[in-house]
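Trainee: with the sequence up front, the predicted model follows.
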Amino acid sequence: MSSEENNKKTSGLTRREFIKDAGIVVGGASVASMALLSACKGDTKTVTQTVSTTVNKTVTKTVTVAEDGVELTDLHVILNGEPRVCHIEANWTLRDALKEGMGVISLKDMCNGCGACGSCSAIVNGRPILTCMALAVECDGAEIETAEHLGVINHPLVNAYAKNFCAQCGYCTPGFLITAKALLDKKPNPTDEDIIDALGGNICRCGTYPQHIIAIKEAAKGGK
Amino acid sequence: MSNAHYEPWKWEVPKTIIGERGHIPPDAHTKVVGTAEFTSDVVRPNMLYVKYYIAQRGAGRIKKLDTSKTEQVDGVVKVLRYDDKSIKWASDTLKPGNMTTFLNDRVYWAGHPVGFAVVAVSEYACDQAIKKAVIEWEDLPCEVDYNKALASKDLYREDINPQNNIMDKGEKVNNAIGDVEEGFKHCDHIIEFEYEIAENTPVSAEPMTCVCEFDNDDNCKIWFHGQAFNTIEEVVGEFVPQNKIDMHSAFNGGTFGGPISHQCEGWTAWLAIIAAYITRRPCKSVWEDCQFVGADECMGHHKWKVGYNNNGKIIAVDLDTVASGMMIGGEISKIKASTCIPNLRHTYVYPLYNRVVPGVFRDGAVAGTCQNMLFAHVAAALNMDPTEVALINDGGDGKTLAELEPKRVEEGFPAGRDSLKECLEKGKKAFNWSSKYHAAGARKLPDGRMHGVGFTWTESWQNWPYRRTRCGINVRYDGTVDVIYRRSCTGPLVALPYAQVVAAEMGMKLDDVIYQPDRHNVGFDTMSEASSSGVATNLGALVLAARKAKQNLLEYACKDAVTFMFGMEIPNPAPFTGLTPDKLDMKDSVIFEKSNPSHTATVKQVVQLHAGWNPIFQHEYSRFFTEAESDIPNYMDTALGRQCHFVEVAVDTNTGKVDILSACLVNDVGTAINPDVINGQQYGGFSMGMGRGNAQEVVYDPVTGAKLNDNMVFYPILGIGDVGPINCEIVETKTGYSPYGAVGLGECGCAATMGLTAAAVYNAIGKWVDIPTTPNNVLKALGKA
């Protein structure tokens, strides 16, 4: 029995038939998809609303409401020193907005957005926060710093982290880095206990933990 | 077939670069600042998302699936249903590797992808749409306790065995040795003990994801997160020829290998491929909870009978296990490989029930843990220092070190090296063992907690170059070097040590060699450059290719060139014309005459001489690409490299909490390529081992089979405050089978340390505790729970 016949015996379909059949589905899916996309971009109306945010207290904003009731609004932030804006929906987290809307890929997600890994950390108005646990609309007007920026300004932490092997697979490392930056901003000469406390919410699956203490103390001394 | 002439352990270690500390990994800065692109970061124009429905129950059959409301959710493009004949064919037929049944009507374990999947314009739309499906279930017998499953007549896993509840049963003949019953007759003491190891799960750093797109000419691009590239290519190969597949390997966020991880990779990739083929749009499959799908091989019940003499020499071991899943080598494999115990027997039964079939993701963990527990129990029973019990039983395949030595020396290994002894000397000193070790339950800390120490040892087992691999080296027009590979990095930093090997072997500056990432369709002919067998398997090809590339350069350095310019042949004399390659050598990317070191030429000069005057015409360039294949040695016997590890704990007998105070890890790596990277594997492996040994335990609802802690809030992964200070020591006895006598280190520490806290807790409280040593298990042992 050929493998094609064998396949047919087990599933009642051959590879060729699947491709042919899938081709028909393709057409349908494409049409359906385009229709749905059109629906998503359907008629909208613009209203002016007063919105309370945790950052700028009360501000007046423009909210775009789609036919289906989905509210789209603009998120204005100072991201890594530059003013940025993107369209967000009311239920977006700050991580969604920065990653999907502004292309910040240093914000990772290890814990499926339940605030347990620290991989999505960013400094918001001077405080390290978990961006998966913050609503984007609440951060309108915020000053946000992500790990990418530390590379741009050549912060001593970056080289200290690189040379002390703080990154193995590297997935969680930006979250550690930005948390360490927030620590040094607050405590320029942290003790081991300070570092352990500050990084307590960050998980590294490669277990690089001992190296972060070395790197942060080295960066605190100006990278020496 | 193996090659009698392939004896890489005899190869001379280059005098520079190899073994050096202080080099920065070439991708370190990119990873640190977060600009390294992982598969989960990949976004393609017009991309769709696709997600499985994941069963939350442990057993059942779908009687009726209503996805009408699912299809109406904004942004949904397609629902892939199990009863669609195309999808059924694809899920039945196009299984990467050894994937078990999925996207079917039958649930076999909580977390099983069944029923349907949703393709939509966003992840959010997928999630919302999945929630709208209405499923009518037929309840089927569900059991998540292997002892009950063993006693039951219900069938729980018809996908694996439709006859009964046993997956496998028998005696591990390949690991048995001697006559156990006879051994028990000739020993001073016999003890019996048993313990349980709970299920733990991998929790890779980056959630499972895959991106696939087909263009209108049926070219296929895939961004794959995982190790098993070849099996994924086989799936796509059903739709397009494999030479039209462009397989990208973005950075991989700390994933694991082993059968169960490969299944998760396969299921995830399958979904992206099928969705992309059907919709003709780029599709990204996302499966966050997949991190919690796997179950490790360690779980199960271990019952021992051990005969030993007054001096600590173990005479006979009889181990009976229940439900330990798919082990590679079995529970007593390490004991056989690293001891002179003359009589070993292992009987086992693997019942089937409603959990995912356990599979290795840290190869050797169950074997390392078994060795740990065997020696800890014997030492405790004799009230002997466990390091002394280890030394007296060291050996291999029932033979002592002295009995193994002549053959090893004859095969070219260094004489008189005693790996365990050397490891113990370093480790005991660094850990301050003599002042920390005490009789069980004998030391209380000032804060009232009990102090304990644990010790374990086993072979350094990743030293088998058991596959042939290939490696390509390309010398560029400017004299720099690429080492070409396919990245499927699981975490370890191999780019740096592999570049060190090539630079050292060729005589290049390290900065001139790049272990080139994402040359995605070529590279080592193995599953991964950083797998269990990474260094041991790949180093041979790497060294041979580097040596070939160097020889090639030296030959061209002696060969006159002819340049074709405007129809004329212009002779160009070589910098070493009239000499032969054996008169030359290389250092710091410069070729020089050995008898006249001031006579030099750069690699760049030699390449450009033969590549022609104009880099646009690079038809000569291919002269500087070399490739080599490693072999499998004819002689591979017992592994003599050892690892030993020490941990210090404090146990609160009121709460049952076990805190790790300090640790010392010692690995004999044969020859250290990069000590910084080795240390990374040591402290990293320890962190994982302690997580599995002291904290991680998957909890199921006994009635529904639902997994109750498949998230990082309730399934604890150790953090920076949980591991304590770690002292890493390296021993180099050059006793591995890889080039330079090197031994691969990946996963050794993680697997060997899993049982370490159990031994330390016994030393603290004088009671044996099941694994992991969670507060609940400690309190149970103390009779308080």
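Mentor: On my side now, so go ahead.
Trainee: residue in chain A nearest to chain B?
Mentor: At 2.3 Å from chain B, A:S106 is the closest residue in chain A, using CB to the nearest CB. The C-beta positions use only the backbone N, C-alpha and C, and glycine is treated the same way.
Trainee: which ones are touching the nearest residue to that residue once chain neighbours are set aside?
Mentor: Closest residue in space to A:S106, ignoring its immediate chain neighbours: B:G34 at 2.3 Å, by CB to CB, 6 or more residues apart in numbering or on different chains. Taking CB atoms under 8 Å, 6 or more residues apart in numbering or on different chains, we find B:G34 in contact with A:105-108, A:146-148, A:173-174, A:177.
Trainee: swap in B:G766?
Mentor: Counting by CB under 8 Å, 6+ apart, B:G766 has contacts B:440-441.
Trainee: skipping adjacent residues, who's closest to residue 207 in space?
Mentor: No chain was given, so I picked chain A. Closest to A:G207 by CB to CB, 6+ apart is B:S687, at 2.8 Å.
Trainee: if you could check chain B rather than the one you did, that'd help
Mentor: Using CB to CB, 6+ apart, the closest residue to B:P207 is B:E288 (4.4 Å).
Trainee: just checking the distance from stretch B:226-245 to the centre of its chain.
Mentor: Chain-centre distance of stretch B:226-245: 23 Å, with CA atoms, centre = their mean, to the nearest Å.
Trainee: what about that stretch, average pLDDT?
Mentor: In this model, stretch B:226-245 has a mean pLDDT of 79.
Trainee: buried stuff in it?
Mentor: Residues of stretch B:226-245 classed as buried: B:226-237, B:239, B:244-245 (neighbour count, 16 or more other CB atoms under 10 Å in any protein chain shown).
Trainee: specify which member of the residues you listed is nearest to chain A.
Mentor: Proximity of the buried residues of stretch B:226-245 to chain A (CB to the nearest CB) peaks at B:F239, which lies at 6.8 Å.
Trainee: all helices in the stretch 251-400 of chain B, in order from the N-terminus.
Mentor: Ranges of helices in the stretch 251-400 of chain B, per DSSP state H, counting those that start in this stretch, are B:258-279, B:333-338, B:365-382, B:386-393.
Trainee: redo these as TSV? Include mean pLDDT, distance to chain A and mean neighbour count.
Mentor: Listed next are those as TSV, based on pLDDT from 0 to 100; distance: least, CB to the nearest CB, whole Å; neighbours: other CB atoms under 10 Å in any protein chain shown:
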stretch	mean pLDDT	distance to chain A	mean neighbour count
helix B:258-279	86	5	26
helix B:333-338	88	22	25
helix B:365-382	93	15	26
helix B:386-393	98	24	21
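Trainee: got the domain ranges for chain B?
Mentor: Per the record, chain B has its domains at B:362-464+B:635-781, B:467-629, by automatic domain parsing.
Trainee: what do you get for chain A?
Mentor: Split by automatic domain parsing, chain A gives A:3-40, A:44-145, A:149-220.
Trainee: dump the residue contacts of the residue in the stretch 251-400 of chain B that chain A sits nearest to.
Mentor: Nearest to chain A in the stretch 251-400 of chain B, going by CB to the nearest CB, is B:G253, at a distance of 3.1 Å. B:G253 sits next to A:108, A:110, A:169-172, A:205, B:38, B:40, B:204-206, B:225 when contact means CB under 8 Å, 6+ apart.
Trainee: next, give phi and psi for it.
Mentor: phi -80, psi 110 (degrees, to the nearest 10).
Trainee: tell me the spacing between the residue lying closest to it once chain neighbours are set aside and B:Y683.
Mentor: Excluding its sequence neighbours, the residue lying closest to B:G253 (CB to CB, 6+ apart) is B:E206, at 2.5 Å. Noted for B:E206: a distance of 21 Å to B:Y683, by CB to CB, to the nearest Å.
Trainee: what's the answer for B:A55, then?
Mentor: Distance from B:A55 to B:Y683, by CB to CB: 38 Å.
Trainee: look at the nearest residue to B:L80 once chain neighbours are set aside and say how many residues are nearby.
Mentor: Leaving out its chain neighbours, the residue that sits closest to B:L80 by CB to CB, 6+ apart is B:A117, at 4.5 Å. When neighbours are defined as other CB atoms under 10 Å in any protein chain shown, B:A117 has 28 of them.
Trainee: now do the strand or helix carrying B:A117 against helix B:258-279, angle only.
Mentor: If you go by DSSP states H and E, B:A117 is part of strand B:113-120. Angle between the axes of strand B:113-120 and helix B:258-279 is 40 degrees (criterion: axes from the mean of the first three to the mean of the last three CA atoms, to 10 degrees).
Trainee: report all helices and strands that strand B:113-120 contacts.
Mentor: Applying 3 or more CB pairs under 8 Å, 6 or more residues apart in numbering or on different chains; DSSP states H and E, we find strand B:113-120 packed against strand B:48-54, strand B:60-66, strand B:76-81, helix B:123-132, helix B:258-279.
Trainee: what lines up beside it in the sheet?
Mentor: strand B:48-54 (antiparallel), strand B:76-81 (antiparallel) (DSSP bridges).
Trainee: and for the first one, what's in contact with it?
Mentor: Right, strand B:48-54. The contact list for strand B:48-54 (CB under 8 Å, 6+ apart) reads A:33, B:77, B:80, B:103, B:111-123, B:125-127, B:130, B:133, B:267, B:271-272, B:275, B:279, B:281-287, B:289.
Trainee: can I have the buried ones of these as a ChimeraX selection?
Mentor: Burial among those is assessed by 16+ other CB under 10 Å; the matching ChimeraX selection reads:
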select /A:33 /B:77,80,103,111,112,113,114,115,116,117,118,119,120,121,122,123,125,126,127,130,133,267,271,272,275,279,281,282,283,284,285,286,287,289
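Trainee: so who does B:T774 touch?
Mentor: B:656, B:694-695, B:697.
Trainee: for stretch B:115-126, list the C-alpha coordinates in CSV.
Mentor: Output in CSV follows, covering the C-alpha atoms of stretch B:115-126 (Å, rounded to 0.1, in the frame of the first residue of the first chain):
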residue,chain,number,x,y,z
GLY,B,115,-11.8,20.2,19.1
PHE,B,116,-11.0,23.3,17.3
ALA,B,117,-8.6,26.2,16.7
VAL,B,118,-9.4,29.8,15.8
VAL,B,119,-7.7,32.0,13.2
ALA,B,120,-8.2,35.7,13.7
VAL,B,121,-6.8,39.1,13.2
SER,B,122,-5.5,39.4,16.8
GLU,B,123,-4.6,37.2,19.7
TYR,B,124,-7.4,38.9,21.6
ALA,B,125,-10.0,38.0,19.0
CYS,B,126,-8.8,34.4,19.1
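Trainee: tell me the mean pLDDT over it?
Mentor: 95.
Trainee: tell me the predicted confidence for residue 39.
Mentor: Defaulting to chain A. 31.
Trainee: actually it's chain B I care about, not the one you picked
Mentor: Confidence score, pLDDT, at B:T39: 92.
Trainee: contacting residues around it?
Mentor: Counting by CB under 8 Å, 6+ apart, B:T39 has contacts B:206, B:209-211, B:223-225, B:250-252.
Trainee: not counting its neighbours along the chain, what's nearest it?
Mentor: Closest residue to B:T39 apart from its sequence neighbours, by CB to CB, 6+ apart: B:H225 at 3.8 Å.
Trainee: hang on, the residue nearest to B:L80 packs against B:V77?
Mentor: No: look at B:A117 against B:V77 with CB atoms under 8 Å: they stay out of range, at 11.5 Å.
Trainee: enumerate every residue touching residue 194.
Mentor: Here I'm looking at chain A. A:183, A:187.
Trainee: chain B is the one I meant
Mentor: Contacts for B:E194 (CB under 8 Å, 6+ apart) come out as B:301-304.
Trainee: and with 10 Å instead?
Mentor: B:301-305, B:320-321, B:373, B:768, B:770 (CB atoms under 10 Å, 6 or more residues apart in numbering or on different chains).
Trainee: help me confirm that it is found in a strand?
Mentor: Yes: counting by DSSP: H, G, I helix; E, B strand; the rest coil, B:E194 falls inside a strand.
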